[in-house]
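Asks: sequence and predicted structure, then a few things I'm wondering about:
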Amino acid sequence: MADLRPVLHALAWPGDLAGIPRSLEETLAAQLAEGEPAQAWLVTAGPSTAVARFERRGLPTHQRWSFSAADVGAIGDLVHHLRLLGRRGVLHSHGERALLWGTVAARLARVAHVHSLHGFVLNSGRDRARVQAAQSLLRGCQAVVAVHDGIDVRGAQVVPNTLDAAYFAADAPDADAAREALALEGAGPVFLFLGRLGLEKGADHLPALAAELRRLHPEALLLVAGRGSVRLEAHPALLPLGARNDPALLLAASDVLVMPSRSEGLPMVLLEARALGVPAVGFAVGGLRDPDLAVSVPPGDVAALAAAASAAAGARLEPLLPPRCAPSAHARALRAVYEAIP
């Protein structure tokens, strides 16, 4: 295994516990378990719970604080770490800022550049212009990876997200303890939305979804964990929790995960729900169309989403991920991508 290519994963984001850092955490853990020489370079705007998770798992991590996409020092720092890898090194970037910095740094360090596509946010004209710029940078990469085949970028190789299900489940209390921790004793059924409060996640559908769930179940409660630009209208069945860093606890307390997304890649919360046997119901977009992971309904049909979620309540699933999402399969697939680069 001594001839394996050393890899540096790069990600820059505000620092909260979001889907991409969770995906990268699991990728790095999977590669290290398979003996891959991999490490992470993480840039946040300040102290980060997500980075603390990397460190708690013993994942080799270089952290830098930065507040600007124009941080030339960040590019220099990235070049320094890439040169330590040697000429067979691989930069594997995640997210648009790391793609931008990585395009420059990989050329200066003379290493291969691989980029992972986790999905695009297209809520506004500004978003679309940003995505077009990012897609133009992909032409400078030696390989592009997509976490789901619903991410339509020419030449992208699909490598599904992964999750160490046993490690994640170890953080989850039983349902009664989880509901007690959230002061939800006696509530039910409990539905959960966990994600960014953005239009791409369908957060604007949540008040109507809460009303429909309450119509079907007089005691139904919809927990909403996350923050973002969408301001939620108040409803008796809707309980906003704000930003949270404890997905295992929230899922353990819930009967069903609901995902009214307009677009998705392969969301980590979907794998996390499956690892705990929590049914997931969502609109038929991206990875939510996968019958091994979710029950899907026509996009935009809130009544159908509520009906499917109601039918799934109380029916725990076997906590088993599809084999293609296993850590070993994930690590081997990425290794094949790296080794195919001259």
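Replies: All right, it came through fine.

Asks: in the helix or strand of the chain with the lowest mean pLDDT, which residues are buried?
Replies: Sorting the helices and strands of the chain by mean pLDDT, DSSP states H and E puts helix 125-137 at the bottom, at a mean of 76. The neighbour-count check on helix 125-137 (16 or more other C-beta atoms under 10 Å) flags 134, 137 as buried. For the C-beta atoms, the positions are set from N, CA and C on the backbone; glycine is no exception.

Asks: and that helix, what does it pack onto?
Replies: In terms of contacts (3 or more C-beta pairs under 8 Å, 6 or more residues apart in numbering; DSSP states H and E), helix 125-137 is packed against helix 96-109.

Asks: ok, back up a step: which helices and strands does the very next helix or strand once past the least confident helix or strand of the chain pack with?
Replies: The helix or strand immediately downstream of helix 125-137 is strand 143-146, counting by DSSP states H and E. The helices and strands touching strand 143-146, judged by 3+ C-beta pairs under 8 Å, 6+ apart, are strand 112-117, strand 157-158, helix 327-339.

Asks: now, of these, which is deepest in the fold?
Replies: strand 112-117 (a mean of 24; mean count of other C-beta atoms under 10 Å).

Asks: partner strands of that one, with direction?
Replies: Using DSSP bridges, strand 112-117 pairs in its sheet with strand 90-94 (parallel), strand 143-146 (parallel).

Asks: let me see the domain layout of the protein.
Replies: Per automatic domain parsing, the structural domains of the chain span 7-162+326-339, 165-312.

Asks: could I get these as TSV with distance to residue 318?
Replies: Formatted as TSV, the domains of the chain follow (distance: least, C-beta to C-beta, whole Å):
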stretch	distance to residue 318
domain 7-162+326-339	15
domain 165-312	6
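
Asks: out of those, which gets nearest to residue 319?
Replies: domain 165-312 (4.1 Å; C-beta to C-beta).

Asks: TSV for the helices and strands packed on strand 143-146, including mean pLDDT and distance to residue 298?
Replies: Formatted as TSV, the helices and strands packed on strand 143-146 follow (pLDDT from 0 to 100; distance: least, C-beta to C-beta, whole Å):
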stretch	mean pLDDT	distance to residue 298
strand 112-117	96	25
strand 157-158	95	24
helix 327-339	98	31
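
Asks: show the model's pLDDT score for the nearest residue to residue 285 once chain neighbours are set aside.
Replies: Distance criterion C-beta to C-beta, 6 or more residues apart in numbering; nearest residue to residue 285, sequence neighbours excluded, is residue 264 at 5.3 Å. Reported pLDDT at residue 264 in the predicted model: 92.

Asks: can you check residue 187 too?
Replies: In this model, residue 187 is scored at 80, pLDDT.

Asks: around it, how many other residues sit close by?
Replies: Look at residue 187: counted by other C-beta atoms under 10 Å, it has 16 neighbours.
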